[in-house]
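Participant: sequence isn't available, so here's the structure alone:
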């Protein structure tokens, strides 16, 4: 059949259309082959929920098992740790577990108190109140719920309603201002929360203490708070000033304590009942936030107005004369604050004439010797000497004067401990040479060298530092136990990995081999063996995952061989002999790197299921619980991060 031109044209058009469709299909198929198939969002979310649910179930199950622990302290602690991790996802269940932990903590503290009384022969309740287990629970609850902390504190101290605190204020006999037992614990918790970055919760915990009035402890917290957040600090300071203004018992000592917020932030000052000045030096808290000037100005204004009203109060009548404490405190407070009244602003300088007159009046009322003594200290705003101060000067002076061998040894040990904290290695060794007992001298030198090994991570924190040869040379020559050599070589492997040359992998593997060799030298059943394998596991996890799992199994085997191993141990005794007795306490080294939970958290990041299997292979109830919680927390954190990444990717993909 002969095709017409029109038919030919139509056929060609259809052919081109078919070819175009085929090319488009091939292109799409190629793109699909080049891109991994994307799971449905619902599939990802279901997988995420399942993993999270598994981790939360582990936490709940571990907390339930902890209720049967023989060790009362760990019965409380493990439940508190589990509740802490569970809180963001199941607050109701976490609250229940926290309450169970609190009951266990009460029982633990009571048992410790009774045991101590039996051992010392003291009457029940006569010694210091044991609160270690309850403090542990309080610290963890405080991060989540200030009200629950309040419930526990009231039960702990036998207080009534928080609102009634101002009706039952502690006696004001002490110049520094008393703080109730509940208040002291609140402030201790608040300081810990500040250091942990939980500023808002810290303020919530500490705020009720304002009802107890001005005290050195509360002012110390406010100054700590101002360093973290000057706005929150000055708001709390202002509330304290307002409370003091409403109290008739507010006096010159109150003003001196409050003045630390304006004129001496590292020093608190009061006058005791004998009319003598008392100073209390404070830590130098580093500021890390800007100052909202409106709040600062309000607090400053409130302080100077209150100070003027108290210091210019009419003099007592002849029937009720000033006590020596009131006389000296008022005189000292006026003399100390007058320059600030005159220099701060015009509104405050208006008080200056009346304050000068009051100062002169008190000046004439005091005997000359006391007046001169007090006046000489008006400008003391810090007890910290200016410039560099040798931290060992005092001990060195004592050592130079000591003639008795026992006394020289005691001072030498103090110098060594101070010197290693400051990494004054040569001075520490010189002090060790003063110890005549050969066993103790060798233990001291070992103590120094192990601390040098401990400091490697800090000394080589700069990623550009890659001189691992000097580390390995020092560790090989050090007279230290095998566990310390394993620790040193584990750190050397991390530094060696920074070279990034062709031989890096081989060098790192060889150093880890040497570290493992020293770990094997430690006898089975010793805590040092567990510590050695722990640090080597942590290093191997960074460079050789299969080897890390093999080392973790050795770690678990070593842990199971140690009697009463808990996994919380952070210190190791370096004493050279059993005969040292109490002196052995001078030769211990502490490091968080020995903790079991950090090791299992690291391994859980590599493989959750393997880490959980090894955690369950631990024999002791406590180490197994701590390891399981660490693994579960790692899964929770990973799923949270993955969820955030997936959400971000879903937003970006059209």
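Facilitator: Received, thanks. Not measured: the values here are computed from a predicted model.

Participant: separation between residue 507 and residue 493?
Facilitator: When distance is defined by Cβ to Cβ, to the nearest Å, residue 507 is 8 Å away from residue 493. No exception for glycine: its C-beta is placed from N, CA and C like everyone else's.

Participant: what is in contact with these two at once?
Facilitator: residue 468 (Cβ atoms under 8 Å, 6 or more residues apart in numbering).

Participant: let me see the domain layout of this structure.
Facilitator: If you go by automatic domain parsing, the domain ranges for the chain are 386-436, 446-650.

Participant: looking at those domains, which is nearest to residue 48?
Facilitator: Taking Cβ to Cβ, domain 446-650 is the member of these nearest to residue 48, at 5.6 Å.

Participant: and that closest one, how far out from the chain's middle?
Facilitator: Remark: domain 446-650 is offset 21 Å from the chain centroid, using Cα atoms, centre = their mean, to the nearest Å.

Participant: equivalent analysis for stretch 428-435, please.
Facilitator: Distance, stretch centre to chain centre, for stretch 428-435: 32 Å (Cα atoms, centre = their mean).

Participant: quick check: mean pLDDT of the helix or strand hosting residue 409?
Facilitator: Taking DSSP states H and E as the definition, residue 409 sits inside helix 405-421. Helix 405-421 comes out with an average pLDDT of 92.

Participant: next structured bit after that helix?
Facilitator: According to DSSP H and E, the helix or strand after helix 405-421 is helix 425-432.

Participant: which residues sit against that next one?
Facilitator: 392, 399, 412-413, 415-416, 419-420, 441, 444-445, 448, 452.

Participant: picking up where we left off before, who's more crowded, residue 507 and residue 493?
Facilitator: Ranked by neighbour count (other Cβ atoms under 10 Å), residue 507 and residue 493 place residue 493 first, with 26 against 18.

Participant: mind listing what that one touches?
Facilitator: With contact taken as Cβ under 8 Å, 6+ apart, residue 493 is in contact with 468, 508, 511, 512, 515, 539, 543.

Participant: wouldn't the third one be in contact with residue 489 here?
Facilitator: Which is residue 511. Yes. Between residue 511 and residue 489 there is a contact at 5.4 Å, judged by Cβ atoms under 8 Å.

Participant: show me the common contact partners of these two, please.
Facilitator: residue 472.

Participant: who has more neighbours, the two?
Facilitator: residue 489 (30 against 26).

Participant: now do the contacts for the nearest residue to that one once chain neighbours are set aside.
Facilitator: With sequence-adjacent residues excluded and distances taken as Cβ to Cβ, 6 or more residues apart in numbering, residue 489 is closest to residue 515, at 3.6 Å. Applying Cβ under 8 Å, 6+ apart, we find residue 515 in contact with 485, 486, 487, 488, 489, 490, 493, 532, 535, 536, 539.

Participant: are any of these buried, and if so which?
Facilitator: If you count burial by 16 or more other Cβ atoms under 10 Å, the buried members of the contacts of residue 515 come out as 485, 486, 487, 488, 489, 490, 493, 532, 535, 536, 539.

Participant: which of the contacts of residue 493 lies closest to residue 200?
Facilitator: Here the nearest of the contacts of residue 493 to residue 200, counting by Cβ to Cβ, is residue 539; it sits at 38.2 Å.

Participant: can you give me the strands for the chain?
Facilitator: 267-271, 277-281, 571-573, 588-590 (DSSP state E).

Participant: please identify which of the ones you listed is closest to residue 307.
Facilitator: By Cβ to Cβ (comparing all of the strands of the chain), the closest turns out to be strand 267-271, at 13.6 Å.

Participant: that closest one - contacts with which helices or strands?
Facilitator: Secondary-structure packing of strand 267-271 (3 or more Cβ pairs under 8 Å, 6 or more residues apart in numbering; DSSP states H and E): helix 216-228, helix 252-259, strand 277-281, helix 324-344.

Participant: I'd like to know how many residues surround residue 390.
Facilitator: Using other Cβ under 10 Å, residue 390 is surrounded by 11 other residues.

Participant: once you drop chain neighbours, what's closest to it?
Facilitator: Once flanking residues are discounted, residue 390 sits nearest to residue 396: 7.8 Å by Cβ to Cβ, 6+ apart.

Participant: please apply the same query to residue 524.
Facilitator: In space, residue 524 is closest to residue 561, 5.0 Å off (Cβ to Cβ, 6+ apart).

Participant: show me the shaky parts of the stretch 1-150 of the chain.
Facilitator: 1-45, 123-128 (pLDDT under 70).

Participant: which residues touch residue 604?
Facilitator: For residue 604, the contact set (Cβ under 8 Å, 6+ apart) comprises 611, 612, 630, 631, 634, 635.
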